[in-house]
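In: I would like to see how this sequence folds:
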Amino acid sequence: MKKLVLTLLALALMAVVSDGQIKKTADPSAVTIARLKYDGGGNWYWGNSAIPNMHKFLADNTAIEVDDHEAIVTATDPELFRYPFLFLTGHGNIRFSDDEVTALRTYLENGGFLFANDSYSLNDAFRREMTRVFPDKQLVELPFSHPIYHQIYDFPNGLPKIHQHDGKPPQGFGIIIDGRVAVFYDYESDIGDGWEDAEVYNDPPEKHLAALRMGANLVTYALTH
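Out: Model prediction:
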């Protein structure tokens, strides 16, 4: 695919730490997607080819500079604020400690972005933990017109349906802070698994590509909002 030429310098931004906040600046440092580790029994480590493939897609198809290394953090990791984009996935239960709840709230309120991918059966636990992180906010379904679906690639019908799961329509939910989506949660879509090597699930090329393109939209949004 021909490399996209992004006309706005902002699309190549990097988040850096300044006074406890994630700042979007034109720093030339490269972006790394960090995997968020959690307790509770869910397999946070699911899909080891997902992030490398997403990094490669970003490097090949956008102007975003990518530092393609394995980054695994907890919410209380001192390195957390070095990563503007967190990826959470898995199956089953999630549990954050009280300290992790506080740290994750601070990160998200100060410019951080969390992409949570329901690989399957994550829904109840994730919603419960987000209620702990933001007792005064709810996950709201984003309309198809939301900019997150139209950053680089257009998704006029919202999230692509990557895996069957329970056969329900895919939905994208957000927690919004000061007009910015700080948490994006995909349900009945499984974008994260679609990032993996195509042969893992025998995904057809169009689904694999759709998942990567939606991922590029998410990263671009996170770096510019």
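
In: Helices along the protein, start to end?
Out: Shown for the chain, the helices assigned by DSSP state H span residues 50-61, 98-109, 123-133, 191-195, 198-201, 205-224.

In: hey, which of those helices is tucked in deepest?
Out: Per-residue neighbour counts averaged over each of the helices of the chain give the maximum for helix 191-195, namely a mean of 27 (mean count of other CB atoms under 10 Å). Every C-beta, even on glycine, is put in place using the N, C-alpha and C of the backbone.

In: Contacts only, for the residue nearest the centre of the chain.
Out: With the centre of the chain defined as its mean C-alpha position, the nearest residue by CA atoms, centre = their mean is Phe115, 2.5 Å away. For Phe115, the set of contacting residues under the criterion of CB atoms under 8 Å, 6 or more residues apart in numbering consists of 85-88, 184, 186, 192, 218, 222.

In: Mean pLDDT for the helices of the chain - can I get that in JSON lines?
Out: Conversion of those to JSON lines gives the following (pLDDT from 0 to 100):
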{"stretch": "helix 50-61", "mean pLDDT": "96"}
{"stretch": "helix 98-109", "mean pLDDT": "98"}
{"stretch": "helix 123-133", "mean pLDDT": "97"}
{"stretch": "helix 191-195", "mean pLDDT": "89"}
{"stretch": "helix 198-201", "mean pLDDT": "75"}
{"stretch": "helix 205-224", "mean pLDDT": "95"}
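
In: possible to save these as a markdown table with distance to Gln164?
Out: Supplementary listing: the helices of the chain in a markdown table, determined by distance: least, CB to CB, whole Å:
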| stretch | distance to Gln164 |
| --- | --- |
| helix 50-61 | 18 |
| helix 98-109 | 31 |
| helix 123-133 | 15 |
| helix 191-195 | 11 |
| helix 198-201 | 10 |
| helix 205-224 | 11 |
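
In: Mind checking those for the one nearest to Ile152?
Out: helix 205-224 (5.4 Å; CB to CB).

In: now that closest one, how far from the centre of its chain.
Out: For helix 205-224, the separation from the chain centroid amounts to 9 Å (computed by CA atoms, centre = their mean, to the nearest Å).

In: Please apply the same query to stretch 178-196.
Out: Offset of stretch 178-196 from its chain centre (CA atoms, centre = their mean): 5 Å.

In: measure that stretch end to end?
Out: End-to-end distance for stretch 178-196: 33 Å, by CA to CA, to the nearest Å.

In: before we move on, what about stretch 116-124?
Out: Looking at stretch 116-124, the gap from its leading to its trailing residue is 13 Å under the measure CA to CA.

In: got any ranges where the protein has weak pLDDT?
Out: By pLDDT under 70, the low-scoring segments of the chain are 1-29, 165-166, 201.

In: Specify the beta-bridge partners of the residue nearest to the centre of the chain.
Out: Beta-bridge pairing for Phe115 (DSSP bridges): Phe87, Phe184.
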